[in-house]
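Peer 1: Quick check, what structure comes out for this input:
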Amino acid sequence: MTMSEIESRLDALEKNVKKLLSSKKNVAKQWWRAGAGRFADDPAFEEIVRLGRQHRKSTRKRTR
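Peer 2: Numbering: from 1, shown residues only. Below you'll find the predicted structure:
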């Protein structure tokens with residue numbers, strides 16, 4: 001492999017790394033979007049939410 005081929009490959013690698021790093025920053029800023037809708041219409045998740053709500057309600061102090 002010639003020196004110019006090595007330099008060309010290195011330039012391509014550097015561009016790819018820069019592109020990957022910039023896309024990673026965008027994903028990290030919007031982490032909540034990756035999970036949005038993940039459990040839509042999932043009966044098991046709806047049961048988890050119901051039980052959590054029920055538990056929180058049972059641990060609240062009554063204000064009467």
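Peer 1: quick one: least confident helix or strand in the protein?
Peer 2: Every helix and strand in the chain was compared by mean pLDDT, DSSP states H and E; the lowest is helix 31-35, with a mean of 78.
Peer 1: Helices of this structure, start to end?
Peer 2: Along the chain, counting by DSSP state H, helices occupy 3-29, 31-35, 43-59.
Peer 1: Rounded mean pLDDT for the longest one, please.
Peer 2: Taken as a whole, helix 3-29 has a mean pLDDT of 85.
Peer 1: so how far is that helix from its chain's centroid?
Peer 2: In terms of C-alpha atoms, centre = their mean, to the nearest Å, the centre of helix 3-29 is set 22 Å apart from its chain centre.
Peer 1: Including mean neighbour count, could the helices of the chain go into a markdown table?
Peer 2: C-beta: built from backbone N, CA, C; applies to glycine. Output for those, formatted as a markdown table (neighbours: other C-beta atoms under 10 Å):
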| stretch | mean neighbour count |
| --- | --- |
| helix 3-29 | 10 |
| helix 31-35 | 8 |
| helix 43-59 | 10 |
